[in-house]
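Q: Please work out how this folds:
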Amino acid sequence: MSVAAPVLLALDTATDRVHAALAVGAAVQALDLPGGAQASAQLLPALQGLLRDAGLTWSDLDAIAFGSGPGAFTGLRTACSVTQGLALGADCPVIVLDTLMAVAEDARQQAPQDCAPGDTVWVLQDARMEELYVGAFTWDGADWQVAQAAQLWPLTEPIARWAQVSQDTAKDLHLCGNALQAYPDRFATLWPLGVTVMGETAAPRGGALLALAQRAWARGDTVDVALALPRYVRDKVAQTTAERRAIAQAPRHIDRLMTEADIPAVLEMEQAACVHPVHAWTEDNYRSSLRSGYWMRVRCEVDGGRIVAVCVAMDGVDEIHLLNIAVARAQQGQGIARALLGLLYERCLARQASLLWLEVRPSNERACALYTREGFVEVGRRKGYYPAPDGREDALVMRRNIDLGGTARAMD
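A: Next comes the predicted model:
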């Protein structure tokens, strides 16, 4: 890999435009093309054209960077799958970029006079359905620091949050993003306060993507292609069939997103449920999964809110990987694990993921029996995968095919 002048390719298809750029040292070539249904068809030829014009081939790339979102679901899948395929073929690492941060960088590049060190820029991107993708980033003079990780806000939230602030506070409020143009009437009450609008046409353009990618490269912030995953913020549009069924069957419990505040209770529950404490996930496992944006659910008692189960899964492009599932000892045998699997089957349908993977200890006979009943088949074994009281234990690798044309459900 190059040190002084890396060759970096960057792309983003999270919006209604296709943005891409190639950097060979300080020389940059950028593209801005129509997105939507045409994105996947024109992206590869466009990227090939960038390389051809620079007299390069895929093998000359040091890394490929992509906007991981948040954004349009199909667009995120396109950018991720193209990046994975190209990085595998070029045998190079991947740089995962925050699409909202790229919008902030583009706004700064358009109006550097409006972004001094210490300023925080709020990015408001149209998420449709009366919602916004929102993130905030503080410019330290050389790079961006995340002040507010990506969230999904109702369209009414910015006015509810900022319309009553003082003018002194408002003058420090920097906004950018396509929502400002998509819903001008919704934000009109903010402008008399003196709010700063940065880069009125800010978008995750190629130059901004490459600026972020070059800083990430200098930090050594690259990942293996297997970890190049989309950043989904909108978890669901409506309650799934499995969730409705689970609530009907177990009205004493509710399922909700796991948060950092749940970690102590989850650790206590799981350690008590496992045959040996070394079998349980660690605090670092949970914190890392939360930072990575994995799908994480806890099942709680309606009375008192005590956590009785946890489930963690990682989204891939065309597959989902069940990472951990644990049920409190007193609640085992009541169908809770099976109900959580049902939620995962529905998630596979929503994500168009045709495969659900997991690993399990051979010594966990109860779990192995459940997965077999649920249609998982053993497809491999990882030697010495798990820690065990007397050393290491293998992992059985199991897989269930998901029929994307039907209704995935827990098997009767």
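Q: contacting residues around the helix or strand hosting A102?
A: When secondary structure is defined using DSSP states H and E, the element that contains A102 is helix 99-110. Contacts to helix 99-110, defined as Cβ atoms under 8 Å, 6 or more residues apart in numbering, come from residues 12, 14-15, 67-71, 114-115, 121, 123, 125, 133-135, 137, 139, 144, 146, 150, 176-177, 198-199, 201-205, 207-209, 211-212, 231. Where C-beta positions appear, they are placed from N, C-alpha and C, glycine not excepted.
Q: Can you flag the buried ones in the residues you listed?
A: Buried residues within these, counting neighbours by 16 or more other Cβ atoms under 10 Å: 12, 14-15, 67-71, 114-115, 121, 123, 125, 133-135, 137, 139, 144, 150, 176-177, 198-199, 202-205, 207-209, 211-212, 231.
Q: In helices, which of these appear?
A: Counting by DSSP state H, the members of those that fall within helices are 207-209, 211-212.
Q: Need these in a markdown table (columns: distance to A182 and pLDDT).
A: Listed next are these as a markdown table, based on distance: Cβ to Cβ, whole Å; pLDDT from 0 to 100:
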| residue | distance to A182 | pLDDT |
| --- | --- | --- |
| G207 | 23 | 96 |
| A208 | 20 | 97 |
| L209 | 22 | 97 |
| A211 | 25 | 96 |
| L212 | 24 | 97 |
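Q: Between those residues, which sits nearest L51?
A: Lowest distance from L51 to those (Cβ to Cβ) belongs to L209, with 16.1 Å.
Q: V96 is in contact with the closest one, correct?
A: No. With contacts defined as Cβ atoms under 8 Å, L209 does not count as touching V96, sitting 11.6 Å away.
Q: Find residues that contact each of those two.
A: Going by Cβ under 8 Å, 6+ apart, residues that sit against L209 and also against V96 are A65.
Q: where along this protein do the helices fall?
A: In the chain, the helices defined using DSSP H lie at 39-53, 73-90, 99-110, 157-162, 167-170, 179-182, 184-187, 206-219, 241-249, 263-273, 283-292, 336-351, 365-373.
Q: Please identify the most buried of those.
A: Each of those was scored by mean neighbour count; the highest is helix 99-110, a mean of 27, by mean count of other Cβ atoms under 10 Å.
Q: Count the residues that sit near W357.
A: Residues lying near W357 (other Cβ atoms under 10 Å) number 19.
Q: Return the distance of it relative to D221.
A: When Cβ to Cβ, to the nearest Å is applied, the distance between W357 and D221 equals 27 Å.
Q: can you check Y133 too?
A: From Y133 to D221 the distance is 22 Å (Cβ to Cβ).
Q: before we move on, what about T83?
A: Distance, T83 to D221, using Cβ to Cβ: 15 Å.
Q: cool, and L124?
A: Between L124 and D221 the distance is 26 Å, computed by Cβ to Cβ.
Q: Ok, L132 next?
A: In this structure, L132 and D221 are separated by 27 Å, where distance is defined by Cβ to Cβ.
Q: quick one, which of the two is more surrounded?
A: Taking neighbours as other Cβ under 10 Å, L132 and D221 compare with L132 leading, 25 against 15.
Q: mind listing what the nearest residue to that one once chain neighbours are set aside touches?
A: Distances taken as Cβ to Cβ, 6 or more residues apart in numbering place W153 nearest to L132, at 4.7 Å, with adjacent residues excluded. If a contact means Cβ under 8 Å, 6+ apart, then W153 has 131-132, 134 as its contacts.
Q: Ok, A309 next?
A: Residues in contact with A309 (Cβ under 8 Å, 6+ apart) are 269, 298-299, 325-328, 331, 336-337, 340.
Q: For this protein, name the helix or strand with the lowest mean pLDDT.
A: Lowest on mean pLDDT, DSSP states H and E among the helices and strands of the chain sits helix 241-249, with a mean of 53.
Q: so how far is Q181 from the residue nearest to P230 when sequence neighbours are not counted?
A: Closest residue in space to P230, ignoring its immediate chain neighbours: L76 at 3.9 Å, by Cβ to Cβ, 6+ apart. As judged by Cβ to Cβ, L76 and Q181 stand 22 Å apart.
Q: Give me the distance between the closest residue to T83 other than its chain neighbours and E130.
A: Of all residues not flanking T83 in the chain, F66 sits nearest, at 4.2 Å (Cβ to Cβ, 6+ apart). For F66, the distance to E130 (Cβ to Cβ) stands at 28 Å.
Q: can you list the domain ranges for the protein.
A: Here the chain is described, according to automatic domain parsing, as comprising the domains 7-99+204-227, 102-197, 241-401.
Q: need the contact list for V377.
A: By Cβ under 8 Å, 6+ apart, the contact set of V377 is 398-400.
Q: okay if I get those residues as a markdown table plus neighbour count and distance to V225?
A: Listed next are these as a markdown table, based on neighbours: other Cβ atoms under 10 Å; distance: Cβ to Cβ, whole Å:
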| residue | neighbour count | distance to V225 |
| --- | --- | --- |
| M398 | 22 | 23 |
| R399 | 17 | 20 |
| R400 | 21 | 24 |
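Q: Closest to T169 out of these?
A: The shortest distance between T169 and any of the contacts of V377, using Cβ to Cβ, involves R400 and amounts to 52.3 Å.
Q: mind checking pLDDT for that closest one?
A: At R400, the pLDDT value in this model is 96.
Q: Got phi/psi on the residue of the chain most remote from its centre?
A: Among the C-alpha atoms of the chain, the one most distant from their mean position (Cα atoms, centre = their mean) is that of D390, at 36.5 Å. For D390, the backbone dihedrals (degrees, to the nearest 10) come out as phi -110, psi 20.
Q: Tell me how many other residues crowd R128.
A: Here the count is done by other Cβ under 10 Å, and R128 has 11 residues near it.
Q: what does A26 give?
A: Applying other Cβ under 10 Å, we find 7 other residues in the vicinity of A26.
Q: Tell me the confidence at it?
A: Turning to A26, the model gives it a pLDDT of 83.
Q: who's in contact with the nearest residue to it once chain neighbours are set aside?
A: Distance criterion Cβ to Cβ, 6+ apart; nearest residue to A26, sequence neighbours excluded, is A5 at 7.8 Å. When contacts are counted by Cβ under 8 Å, 6+ apart, A5 is found next to 24-26.
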